[in-house]
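Chemist: Sharing a sequence plus its predicted fold:
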Amino acid sequence: MSSMSIEHERGRNTDMKATEELQAEFLKFQQNEISEYHIYSRLAGFAKSEGNHSVLQKIAADEMSHYNAWKKYTHQDVEPDRWKVLMYVWICRIFGLTFGIQLMERGEEAAQIRYERLRPQVGEIARMIEDEHSHENALIQLINEERLDYVSSIVLGLNDALVELTGALAGFTLALQSTRLIALSGAITGVAAALSMAASEYLSTRSEETTRDPFKAATYTGIAYMVTVVVLIIPYLLIPNFYLALAVTLILAVIIIAFFNFYMSVVKNEPFKKHFLEMAGVSLGVAAFSFFIGYLFRLLIGVDL
């Protein structure tokens, strides 16, 4: 075979390989669209608000149009990713529509980069899909979710519990040096503080010109505080060594802070690192100072348990 024929054959094989890779990528895009169609359709079925139901149905319809657009290129039907559908439906049901949908849309950023790369091959459809994604983002902003109206109350309960209780437990740890006594003291302190914070939030919300219900605001604050109290006290009930229990409690506090700040960064499109470091620094700083105060009082009072 001549060198020209060999080069021609190599070029043809390369073209075939490129075409196969492009087809595989189109099929991935197509599967992603049909998966999101099923996610939004199922979420629409769970929506209690008529407004949320309509918005979710409209987004689902957009996803189906994207699917059909890709189908014109692939000439194939594609099954949805059942695991992805199940995962995001449950994330939305547990953590809220806004969090689940925003988390899913964050994953679309990588797809947008691939769309840009494929623009020379499918410029028209890439532009159309980008336009429709912008439309979806506008629709997502229309979703009304009660828990987001009370997020400031949740922040109040969570932040105060983390700062106050980590500090109190650190102080109790060195002053009392008994896991049972520390857990008991922490529980009494935590319950009293939770009720106090809930009452303060009720009175504060009642005095504001707002559509928020004072009782619901107080409930969100109290629950956020109490859940944090329970999580932070558990190590003292399970671990005999009080220093180790304190270390585990502080680790759990950092995990709660990380999860909460990640949740807020997704829901409100805010930077994660800055808020996380700030909140973690305050909580751990107060805990370290309280630990020192506990040691100081133990020396001054001369308590020996």
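Modeler: Looks like it arrived, so ask away. Residues are numbered from 1 along each chain as shown.

Chemist: only C-alpha atoms for contact and neighbour calcs from this point on.
Modeler: Will do.

Chemist: Okay, strands next: where are they in the protein?
Modeler: In the chain, no strands are defined using DSSP state E.

Chemist: Show me it divided up by domain.
Modeler: The chain is divided into the following domains under automatic domain parsing: 3-144, 147-301.

Chemist: worst average pLDDT in the ones you listed?
Modeler: Mean pLDDT is lowest for domain 3-144 out of the domains of the chain, coming in at a mean of 74.

Chemist: Now do the contacts for the residue lying closest to residue 150 once chain neighbours are set aside.
Modeler: In space, and not counting its chain neighbours, residue 150 is closest to residue 217: 6.1 Å by CA to CA, 6 or more residues apart in numbering. Residues in contact with residue 217 (CA atoms under 8 Å, 6 or more residues apart in numbering) are 150, 153, 198, 201-202, 205.

Chemist: what do you get for residue 160?
Modeler: residue 225.

Chemist: So it versus residue 81, what's the distance?
Modeler: 41 Å (CA to CA, to the nearest Å).

Chemist: hang on, the earlier thing: okay, the domains of the chain, which one's buried deepest?
Modeler: domain 147-301 (a mean of 19; mean count of other CA atoms under 10 Å).

Chemist: re earlier: so of the contacts of residue 217, which ones are in helices?
Modeler: Counted as lying in helices by DSSP state H, out of those, are 153, 198, 201-202, 205.

Chemist: out of those residues, who's nearest residue 261?
Modeler: Nearest to residue 261 among those is residue 153, at 14.8 Å by CA to CA.

Chemist: returning to that earlier point: now render the contacts of residue 217 as a markdown table, adding distance to residue 63.
Modeler: Shown next, in a markdown table, are the contacts of residue 217 (distance: CA to CA, whole Å):
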| residue | distance to residue 63 |
| --- | --- |
| 150 | 31 |
| 153 | 35 |
| 198 | 43 |
| 201 | 42 |
| 202 | 42 |
| 205 | 40 |
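
Chemist: Go through those residues and say which is closest to residue 240.
Modeler: The nearest member of the contacts of residue 217 to residue 240, counting by CA to CA, is residue 198 at 32.4 Å.

Chemist: That closest one - nearest residue in space that isn't next to it in sequence?
Modeler: Spatial nearest neighbour of residue 198, excluding adjacent residues (CA to CA, 6+ apart): residue 218 at 4.4 Å.

Chemist: Could you tell me which residues make contact with the residue nearest to the spatial centre of the chain?
Modeler: Closest residue to the average C-alpha location of the chain: residue 263 at 3.1 Å, with CA atoms, centre = their mean. Residue 263 makes contact with residue 99 under the criterion CA under 8 Å, 6+ apart.

Chemist: List the contacts of residue 248.
Modeler: residue 235.

Chemist: Let me fix that, I meant to ask about residue 234.
Modeler: residue 183.

Chemist: try 10 Å this time
Modeler: Taking CA atoms under 10 Å, 6 or more residues apart in numbering as the contact definition, residue 234 lies against 183, 245, 248-249.

Chemist: again with residue 41
Modeler: 35, 53, 56-61, 63, 89.

Chemist: out of those residues, which are inside helices?
Modeler: 35, 53, 56-61, 63, 89.

Chemist: Run the chain-centre distance for stretch 200-214.
Modeler: Relative to the chain's own centre, stretch 200-214 is displaced by 27 Å; criterion: CA atoms, centre = their mean, to the nearest Å.

Chemist: now what about that stretch, what contacts it?
Modeler: With CA under 10 Å, 6+ apart, stretch 200-214 has contacts from 146, 149-150, 153, 156-157, 194-199, 215-222.

Chemist: From start to finish, how long is that stretch in a straight line?
Modeler: From its first residue to its last, stretch 200-214 covers 10 Å (CA to CA).

Chemist: I figured residue 92 hits residue 267, correct?
Modeler: No: using CA atoms under 10 Å, residue 92 makes no contact with residue 267, being 11.8 Å away.

Chemist: shared neighbours of the two, anything?
Modeler: Counting by CA under 10 Å, 6+ apart, the residues touching both residue 92 and residue 267 are 98-103.
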